[in-house]
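Undergrad: Just need the structure, nothing else, for what follows:
(one chain, ligands or ions: 1)
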Amino acid sequence: MAKSKTSNKSGSNRHKEIGRSISPFSFHLRSEAEQKRFLRTNLLLHFRPFLVKEKTLPFTLSWGLGGMAATMVLLQIATGILLKFVFVPTPIEAYGSVQALISQVPFGRLVRNIHHWSANFLVVVLTLHMLRVFLTGAFHPPRQFNWIIGLALFTLVMAANLSGYLLPYDQLAYWAVTVITSMVGYFPGVGGLIQQALGNGDGLGPQTLSFFFSMHTALIPCLLVVLMGFHFWRIRKAGGLVVPRKPEEPIDVTPSRVPMIPNLLVKEIATALGLTATLMLVSIYFNAELAAPANPGLSPNPVRAPWYFAGLQELLLHIHPVVAVSVAPLMAGFFLISIPYLPYPHSTEGIWFASARGGIQSATSTIAAITVSSILIMIDSLIIKTASWSAGISPFIRDGILPLLLVIILVLVWVWVMRKRWRATKNEITQALFIMSITVLVVLTVVCVFFRGASMKLIWPFI
Ligand code: HEM
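TA: Reported below is the predicted structural model:
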């Protein structure tokens, strides 16, 4: 007993000694046992794997997108804490406190700009991360549940963006969030209740601001951190990232592994520093907007949702609100959740675009989606909405049921074409549908942001 105590003690002393004496630069010169011990005793590195698969190291697999997202979430939390020292979450004082922040507080404008640009970049980076994960088949078992955690993370980031958008309480924020919260009212059954909880019945007042503030600064960041931890743990549980392979190559079950330090850590640090430097530069040269103080009696024309919700706003111009706000997002959500659980004939894990011909199919699907959605937007805006014959038809049939049927028919035709002409597999068809959905969302967003003028009429931009 005494002997084991002594050996434990000397073991733990050795532990501390090694923890102190190894630097990340001399790490690879140490024995494997010493390296492992060092990782275990270092708080931050404790979360990282000791060995990583060699073939997952090239930047062209992950493009560093997940790491960039994590960096930006941390930046958001750090800058958010600083902003919280100055911001006052009441309708009367919020605007003034932001003005004071950017004009009187040293580096206040820079901190606000970093928070603003990082939030916007995060949406783009996350969309690209999701695309990369999807296009390398990284949603197949054993990573299927991590895809779902990823979706929850994405939803949280969108909620963080929306709840933060209102806080400066300027005209831009007030009316953009009014557009979004009025959309919520169209959720069948619960829409009215949610609106009441948000206090939208009497405009966006103290109740809404305080609710958004609490969500933005407490609940959402906590959930994000916990879920991110879960996300990273699941990556380790799955044995690391997917190994890229050619379609004819089998999955390598014993890939060669190398120590995480310095092979991966150096790349991660370089990516995080490069991203932070870019965000700093953007934040030095481009200021986050602050319009006139919110005026509930005077809406700007047009009232535009923030760009990441502009696709939904554009959809609302064409499709009945019940379909645009509840049926379409529910269908999209169901599709996204079901992606990893569909019965595929084989796993495409690690194969870019699922097969050798997947790239061509995806490009063709993208072009088809851009063409068809642009034509439909123009037909609806310029012909159907302005034609007198369409005025007699019930709006729910004209703008709800008929467009939904049209979309279902178009999707079925595309699936049929893929099956008959390309002999496409289930993996390839799911891939085409996923890519087409994202493309249509991008087209809707671009049209709403650049091609809509006063009263949301179609315009030519830059004229
Ligand atoms: C705040 C949000 C997120 C953060 C911080 C994050 C972070 C990461 C990181 C660091 C990785 C490892 C390597 C890389 O791809 O860069 C990763 C992998 C992964 N992520 Fe995310 N992610 C987020 C959101 C998402 C979303 C929205 C999805 C999909 C819906 C997703 C699904 C996955 C999957 C399945 C993997 C494993 C990929 C593989 O094994 O190759 N993540 N994530």
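Undergrad: any idea how far Ile235 is from the spatially closest residue to Leu223 that is not a sequence neighbour?
TA: Spatial nearest neighbour of Leu223, chain neighbours left out: Leu156 (5.7 Å); criterion: Cβ to Cβ, 6 or more residues apart in numbering. Yep, even glycine has a C-beta here, placed from its N, CA and C like the rest. Here Leu156 is placed at a distance of 18 Å from Ile235 (Cβ to Cβ, to the nearest Å).
Undergrad: what do you get for Gly185?
TA: 39 Å.
Undergrad: just Arg30 next, same as before
TA: From Arg30 to Ile235 the distance is 25 Å (Cβ to Cβ).
Undergrad: if we can go back for a sec, the residue nearest to Leu223: what's it in contact with?
TA: The neighbours of Leu156, taking Cβ atoms under 8 Å, 6 or more residues apart in numbering as the test, are Ile220, Leu223, Leu224, Leu227.
Undergrad: Over to Pro142?
TA: By Cβ under 8 Å, 6+ apart, the neighbours of Pro142 are Lys237, Ala238, Gly239.
Undergrad: Three-state assignment for it, please.
TA: At Pro142 the chain is in coil, as set by DSSP: H, G, I helix; E, B strand; the rest coil.
Undergrad: what does Asp252 give?
TA: coil.
Undergrad: Now do the contacts for the residue nearest to it when sequence neighbours are not counted.
TA: Counting by Cβ to Cβ, 6+ apart, Val243 is the residue found nearest to Asp252 once chain neighbours are left out, at 5.6 Å. Val243 makes contacts with Lys53, Lys55, Thr56, Ile251, Asp252, Pro255, Gly350, as judged by Cβ under 8 Å, 6+ apart.
Undergrad: okay, now the closest residue to Asn263 other than its chain neighbours: neighbour count?
TA: Leaving aside its sequence neighbours, Asn263 sits nearest to Leu57 (Cβ to Cβ, 6+ apart; 5.9 Å). By other Cβ atoms under 10 Å, the residues close to Leu57 number 14.
Undergrad: Dihedrals phi and psi, Leu57?
TA: phi -70, psi -30 (degrees, to the nearest 10).
Undergrad: Point out where the stretch 151-300 of the chain drops to low pLDDT.
TA: Scanning the stretch 151-300 of the chain with the threshold set as pLDDT under 70 gives 200-202.
Undergrad: Ok, the stretch 301-450 of the chain next?
TA: Where the stretch 301-450 of the chain drops to pLDDT under 70, the residues are 385-387, 389-391.
Undergrad: Quickly find the element holding the one residue in it that gets nearest to the ligand.
TA: With Cβ to the nearest ligand atom as the measure, Leu336 is the residue of the stretch 301-450 of the chain nearest to the ligand, at 7.1 Å. Applying DSSP states H and E as the criterion places Leu336 in helix 328-338.
Undergrad: Which SSE is immediately downstream of that helix?
TA: Helix 328-338 is succeeded, C-terminally, by helix 358-378 (DSSP H and E).
Undergrad: Contacts for that next one, please.
TA: Against helix 358-378 from outside (Cβ under 8 Å, 6+ apart): 135, 314, 318, 351-353, 406, 410, 414, 418, 422, 424, 427-428, 431-432, 435-436, 439-440, 443-444, 447, 458.
Undergrad: Please apply the same query to stretch 52-60.
TA: If you take Cβ under 8 Å, 6+ apart as the criterion, stretch 52-60 is touched by 61-62, 239-244, 252, 255-260, 263-264, 267.
Undergrad: go with 7 Å
TA: Gly240, Leu241, Val243, Pro244, Pro255, Ser256, Arg257, Val258, Met260, Asn263, Leu264, Lys267 (Cβ atoms under 7 Å, 6 or more residues apart in numbering).
Undergrad: OK, contacts around the residue of the stretch 101-250 of the chain found nearest the ligand?
TA: Residue nearest to the ligand within the stretch 101-250 of the chain: Gly150 (2.1 Å; Cβ to the nearest ligand atom). Under the criterion of Cβ under 7 Å, 6+ apart, the neighbours of Gly150 are Met130, Val133, His231.
Undergrad: Report all helices and strands that the helix holding Leu336 contacts.
TA: Here helix 328-338 touches helix 144-166, going by 3 or more Cβ pairs under 7 Å, 6 or more residues apart in numbering; DSSP states H and E.
Undergrad: CA atoms only for the helix it packs on - export them in CSV, please.
TA: Below are the C-alpha coordinates for helix 144-166, written out as CSV (Å, rounded to 0.1, in the frame of the first residue of the first chain):
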residue,chain,number,x,y,z
GLN,A,144,-24.9,10.9,-38.6
PHE,A,145,-25.7,12.3,-35.1
ASN,A,146,-23.0,14.9,-35.5
TRP,A,147,-24.8,16.2,-38.6
ILE,A,148,-27.9,16.7,-36.4
ILE,A,149,-25.8,18.5,-33.7
GLY,A,150,-24.4,20.6,-36.5
LEU,A,151,-27.9,21.5,-37.6
ALA,A,152,-28.7,22.6,-34.0
LEU,A,153,-25.6,24.7,-34.0
PHE,A,154,-26.6,26.3,-37.3
THR,A,155,-30.1,27.1,-35.9
LEU,A,156,-28.5,28.6,-32.7
VAL,A,157,-26.2,30.8,-34.8
MET,A,158,-29.1,32.1,-36.8
ALA,A,159,-31.0,32.8,-33.6
ALA,A,160,-28.0,34.6,-32.2
ASN,A,161,-27.8,36.8,-35.3
LEU,A,162,-31.5,37.6,-35.2
SER,A,163,-31.6,38.4,-31.5
GLY,A,164,-28.5,40.5,-31.8
TYR,A,165,-29.8,42.4,-34.8
LEU,A,166,-32.5,44.2,-32.7
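Undergrad: quick one: that helix to helix 328-338, angle?
TA: For helix 144-166 against helix 328-338, the angle by axes from the mean of the first three to the mean of the last three Cα atoms, to 10 degrees is 150 degrees.
Undergrad: quick one: buried residues of helix 144-166?
TA: 145-150, 153-154, 156-166 (16 or more other Cβ atoms under 10 Å).
Undergrad: again with stretch 284-293
TA: Neighbour-count burial for stretch 284-293 flags Ala288, Leu290, Pro293 (criterion: 16+ other Cβ under 10 Å).
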